[in-house]
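Colleague: what's the 3D shape of this:
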Amino acid sequence: MWGSCTAELAKLVRRPANWFMLGIAVVLGLTFTYLLPLAGAAGSSSGAPGTDRGLASTMPPNLVGNSIGGLPVFLGAILLVIGVLAVGSEYGWGTWKTVLTQGPSRLTVYSGKLFALAVATLTIVLSGFATGAVTSAIIASSESEPMNWPAFDELVTGIGAGWLIAMTWAALGAVLAIAMRGVALPIGLGLVWLLVIQNLLFGVAAPLLDWVDTLQLALPGANAGSLAASLGASGATPGIGELVGVSQATLVVAGYLVVFAALGGWLLRRRDVL
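Modeller: Take a look at the predicted model:
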């Protein structure tokens, strides 16, 4: 079991695309939560989303909300792609049979992939917190504002919630890759769901149709957005809004994580890998 975990982690580390995704995640996070509000405060923006949040939103007390605010939608899309690549690449390279003939069972290899994804998603979340803290400290110092950081328990809660959301999207990518035995189609359908159906259709249709409004309360995106909002994420960020309570949001997101992980393992065990 441990051998599969270390092997899958080594594959993720050595894949340049994952480092590229990490860089994109950090840049997007800093752009939407710090650079755009700064541009708005300086008067150099032209009505771009997030520019009206004000300089106060970039200060250290808002570190937790700023660091996890992108996970329900645009950072979630990056994590979904990482999940697809971690599993779907085995189909494209034809390496599933090579791995499985070495001795480990399908579920052992799959568990190793989930372990590697857990480490990768935690790394992305921690990177968001670290770069956000540095950026916020620089802004506060330049504006001569006090650096009142969130309490330790708030930071731990924020990191845990961010990891839960991030891992759920990565697990969705993994199960899509197994179900469709590839990379391109799972990425395409996953991004359509995250960026179009979930974010736009329900955002437009939910206020008009009661059944759509009720349906979205059971979906991972709405609950992830509610969980992030409860920890201080700005409602101006796409996908963020307190639609349900924090307890329901946590349980629903955790439930989807378990379902995605279990469904991926079941499909991999029951179906031919070719």
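Colleague: do I have it right that residue 57 meets residue 38?
Modeller: No - Residue 57 lies out of contact with residue 38 (C-beta atoms under 8 Å); the separation is 9.8 Å. (Each C-beta comes from the backbone N, C-alpha and C, glycine too.)
Colleague: with neighbour numbers in mind, choose between these two.
Modeller: Shown here are residue 57 and residue 38; by other C-beta atoms under 10 Å, residue 57 has more neighbours (23 against 17).
Colleague: what about the residue lying closest to the more buried one once chain neighbours are set aside, distance to residue 234?
Modeller: The shortest distance from residue 57 to any residue other than its chain neighbours is 5.3 Å, reached at residue 37 (C-beta to C-beta, 6 or more residues apart in numbering). In this structure, residue 37 and residue 234 are separated by 9 Å, where distance is defined by C-beta to C-beta, to the nearest Å.
Colleague: quick one: which of those two has more around it?
Modeller: residue 37 (24 against 18).
Colleague: okay, and that one sits in which element?
Modeller: Element membership of residue 37 [criterion: DSSP states H and E] is helix 36-42.
Colleague: right, and the helix or strand after that helix?
Modeller: Past helix 36-42, further along toward the C-terminus, the next helix or strand under DSSP H and E is helix 63-68.
Colleague: now that next one: buried residues?
Modeller: Within helix 63-68, the residues that count as buried by 16 or more other C-beta atoms under 10 Å are 63-68.
Colleague: kindly report the same for stretch 106-120.
Modeller: Residues of stretch 106-120 classed as buried: 106, 109-118, 120 (neighbour count, 16+ other C-beta under 10 Å).
Colleague: tell me the one of these nearest residue 6?
Modeller: The shortest separation between residue 6 and any of the buried residues of stretch 106-120 is 7.9 Å, and it belongs to residue 112 (by C-beta to C-beta).
Colleague: check contacts around that closest one.
Modeller: Remark: with contacts taken as C-beta atoms under 8 Å, 6 or more residues apart in numbering, residue 112 is in contact with 1, 3-9, 104.
Colleague: weed out the non-buried ones from those.
Modeller: By the neighbour-count criterion of 16+ other C-beta under 10 Å, these include these buried positions: 4-5, 7-9, 104.
Colleague: how far off centre is the longest helix that the chain contains?
Modeller: Across the chain, the longest stretch assigned as helix under DSSP state H is helix 106-142. Between the mean C-alpha point of helix 106-142 and the mean C-alpha point of its chain there is a distance of 10 Å (C-alpha atoms, centre = their mean, to the nearest Å).
Colleague: beyond it, next helix or strand please.
Modeller: Downstream of helix 106-142, the first helix or strand assigned by DSSP H and E is helix 152-180.
Colleague: state the mean pLDDT of that following helix.
Modeller: Regarding helix 152-180, the rounded mean pLDDT is 95.
Colleague: can you give me the buried ones in that helix?
Modeller: The neighbour-count criterion (16+ other C-beta under 10 Å) identifies 155, 158-159, 161-180 as the buried residues of helix 152-180.
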